[in-house]
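Chemist: Predicted structure and sequence below. I'll ask about it afterward.
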Amino acid sequence: MASSGDVGRANASAESSQNDGYDPLKDPRRRPKSNDPGWKYAYYVEPGKRDLIQCALCPRKIKGGIIRVKQHLAGGSTEILVCPKTTPEIQKEMKAALDAGKTKRDIPVYDDSEEGDGEEDTVEVIESSRAGSSSSSRSTSKRKESASKPPTAPSSKKPINALLRRTPQEVVAERHAKGPYQRTINVSMKPKEERDAVCIEIAKCFYECGVPFNVANSRQFEIAVESIAQYGSGFKPPSFHELREPLLAKCVKETDGDKKRHEDAWTQYGCTLMSDGWTDRRGRQLINFLVNSPVGTFFLESVDASNESHDAMMLADLLDQRIEKIGRDKVVQIVTDNGANYKAAGRYLVERTPTLFWTPCAAHCLDLMLEDIGKLKDFAKPITRARHVTTFIYRHGRILNEMRKFTKGMDLVRMAATRFATAFLTLRSLHKHKDALRALFSGDVFTRSKVAKTEAGKKVYEIIFSTQFWNSVEDCLRASLPLLVVLRLVDGDEKPALPEVAAAMNIAKQKISASFSTQNKKACLNRIMKIVENRWVKQMDTPLYGAALYLNPGKFYKMKQSDDDGYVGELRGCFNDVLVKMVTDDDLRDKIDGQAVLYENQRESFANPMAIRNAQTRSPSEYSNTCKLPISISATCNLFSASKSQPIFLFS
């Protein structure tokens, strides 16, 4: 069998344009004086110029030194493709050479000034543009750790680039973080056509396999793509069997580890147990149980309750079993639907666990609020007429196509979490595209069509050009938009809503009152405010919201400055109610109450300039750390048992 060196020489000779037996691999001007095995298969493109190396097996010209050549022959990397003519023997030889170069030194030397000189103390840093303060500190800490630990077996060592580069999760997190995102040198040097080719292959996979397009919005999809990119060329995707058994088992194990992280947060901060009932396509009545803490929301389990009567006692037992499973001392509150059976179940649970709070779903409460407002005579008519307009447009293809031309591709109907929010958002969209709709129904496409002469067409035409209709739409928006802002807050996942929701509702009520302040709107305002107060007070009357607002310094100190002593006293009363309910130890309760007095009056640690400055910019839990409090409690007003000798302050 011919040796690997003979293979390289044979290819080089075959590719030579001369027929006199000239071999560039033997020309001393086209290779350095080096014993590196990579030079058996490479030479300089031009004698004496070290910036470009020719692979002897394939036509590829390589920048970056002999290290890149060996990576090219060994099977490729994140920076270079695999040689199409390399053999298993050459790959094995090059991998051994690369590994031997890594084990010769404990601390790598980075020298990019002598590219291509063949010296083994030159190590290529993969995607060095990524190395900022975080990556440099991370690599420094890893070097310190490796110096303090005993040497490990060579088989456990990772390549230098794997030690220095950031994980796919870190790369994607930086991409989604606020502020500018720095592109790497590798990405910047790639031509646009190369990325387009990759995107086309990914798109074909979506189309062929019927993958929903919203998968592309998933962060996990980005992490998966980044992981493949970091692996490099030649990655073999998982097989059907791997996905079905071993990888599934590994993911389950990883999820269990993630659950441990959440459980630690439940122990430290307390948690909120949430239930959500729904019906699937098979008609099964399922109840999902989720646990929320400052770390995030964790899906606990789902129960099929199709064969059960959903009465209060059954729901209370189901919730109580999950409370016991999590830990009775860890669950601070329960959030459920606003139905009568859930309300009764909440009362049963509070009787069984006196320190527990039951809180109805704020999003459902706001949804019912919007439903009641939509039923008012002043708003029911414009909502119905707006529905006629959207139904007419979306039933006629030519009209719909023309409408999208006028609205520049925008749709009128906007889906939302609830159908009542959708109705008001659709009104907002109609109002935004008012001029476009009038241009549509006065244009040739509509006026010359057959549908313009039908009763439905005439009715829609009359609605679009009715001043009364647009005035009533504006009234609907004045009544609904402040509540939609609160709904978006409580239904979002970006930050804890509890410290903000009470203040947001106060602002919403103020905006609604200001919008209907004229004399002829007083009656309408009274009906709206009656609905808001009835729904909010009857369903959301829990001291947790008041205590959370009391412990939100960014909002609370502004209220104190506005001399609203009555409302400030009401919030302090909510805090006292929470404190008495959740802390049974008198000594601990007195210590917390003493710290509350200092906080309310901005004395001692709350009076230092840094604490005063951070009160308006930091979250409540971060602010408590600024004030050097022994323990800060989390975003859901969570307070639970602790050492009697250790003072605790409740922050939310």
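Modeler: Done, it's in.

Chemist: Okay, domains of this protein per the record?
Modeler: Domain ranges of the chain: 4-124, 166-237, 253-360, 367-532, 542-626, per automatic domain parsing.

Chemist: now the end-to-end length of the shortest one.
Modeler: Spelled out, it's domain 166-237. Start-to-end span of domain 166-237 (Cα to Cα, to the nearest Å) is 22 Å.

Chemist: pLDDT of it, averaged?
Modeler: Mean pLDDT, computed over domain 166-237, is 83.

Chemist: show me where the stretch 1-150 of the chain has helices.
Modeler: Assigned by DSSP state H, counting those that start in this stretch, the stretch 1-150 of the chain shows helices spanning 4-15, 66-74, 88-103, 133-148.

Chemist: Quick one: mean pLDDT over whichever strand or helix holds His388.
Modeler: Here His388 sits within helix 377-395, counting by DSSP states H and E. Summarised as a single mean, pLDDT over helix 377-395 is 90.

Chemist: And the pLDDT at Arg647?
Modeler: One correction, residue 647 is Pro, not Arg. pLDDT at Pro647 comes out at 29.

Chemist: swap that for Ser302, please
Modeler: pLDDT, read off for Ser302, is 89.

Chemist: Surely it touches Arg284?
Modeler: No - counting by Cβ atoms under 8 Å, Ser302 does not reach Arg284; the two are 9.9 Å apart. All C-beta spots, glycine's among them, are computed from the backbone N, C-alpha and C.

Chemist: so what's His364 up against?
Modeler: For His364, the contact set (Cβ atoms under 8 Å, 6 or more residues apart in numbering) comprises 337-338.

Chemist: Distance of it relative to Pro553?
Modeler: 29 Å (Cβ to Cβ, to the nearest Å).

Chemist: Relative to Glu222, how far out is Ala229?
Modeler: With Cβ to Cβ as the criterion, Ala229 and Glu222 are 10 Å apart.

Chemist: Pick out whichever of those two has more residues nearby.
Modeler: Glu222 (18 against 15; other Cβ atoms under 10 Å).

Chemist: ok so that one is a helix residue?
Modeler: Yes - secondary structure of Glu222 (DSSP: H, G, I helix; E, B strand; the rest coil): part of a helix.

Chemist: ok, how many other residues are close to the nearest residue to it once chain neighbours are set aside?
Modeler: Closest residue in space to Glu222, ignoring its immediate chain neighbours: Val172 at 4.7 Å, by Cβ to Cβ, 6 or more residues apart in numbering. Neighbour count of Val172, defined by other Cβ under 10 Å: 20.

Chemist: Glu308 now?
Modeler: Glu308: 14 neighbours (other Cβ under 10 Å).

Chemist: Please look at Leu25 and Tyr43 and confirm they touch.
Modeler: Yes - Leu25 lies in contact with Tyr43 (Cβ under 8 Å); the separation is 5.5 Å.

Chemist: Looking at those two, which is more packed in?
Modeler: Remark: of Leu25 and Tyr43, Tyr43 carries more neighbours, 24 against 19, as counted by other Cβ under 10 Å.

Chemist: beta partners for that one?
Modeler: Gln54 (DSSP bridges).

Chemist: quick one: contacts for it?
Modeler: 12, 24-25, 27, 30-31, 53-54, 56.

Chemist: just the helices in the stretch 151-300 of the chain please.
Modeler: 160-164, 168-176, 185-189, 192-209, 219-231, 240-244, 246-269.

Chemist: Touching, Lys95 and Ala74? I think so.
Modeler: Yes - here Lys95 reaches Ala74: they are 4.7 Å apart, a contact under Cβ under 8 Å.

Chemist: okay, these two: which has more neighbours?
Modeler: Ranked by neighbour count (other Cβ under 10 Å), Lys95 and Ala74 place Ala74 first, with 22 against 15.

Chemist: Number of residues surrounding the residue lying closest to Val211 once chain neighbours are set aside?
Modeler: Closest residue to Val211 apart from its sequence neighbours, by Cβ to Cβ, 6+ apart: Cys205 at 7.0 Å. Look at Cys205: counted by other Cβ under 10 Å, it has 10 neighbours.

Chemist: quick one: secondary structure of Gly569?
Modeler: Assignment for Gly569 (three-state DSSP): helix.

Chemist: burial count for it?
Modeler: For Gly569, using other Cβ under 10 Å, the count is 9.

Chemist: measure it to Val580 for me?
Modeler: From Gly569 to Val580 the distance is 16 Å (Cβ to Cβ).

Chemist: before we move on, what about Pro543?
Modeler: 10 Å.

Chemist: Which residue of these two possesses the greater neighbour count?
Modeler: Pro543 (21 against 12).

Chemist: Could you say which one of the domains of the chain comes nearest to Glu245?
Modeler: Proximity to Glu245 (Cβ to Cβ) singles out domain 253-360 among these, at 12.9 Å.

Chemist: What's the end-to-end length of the closest one?
Modeler: So domain 253-360: terminal residues 34 Å apart, Cα to Cα.
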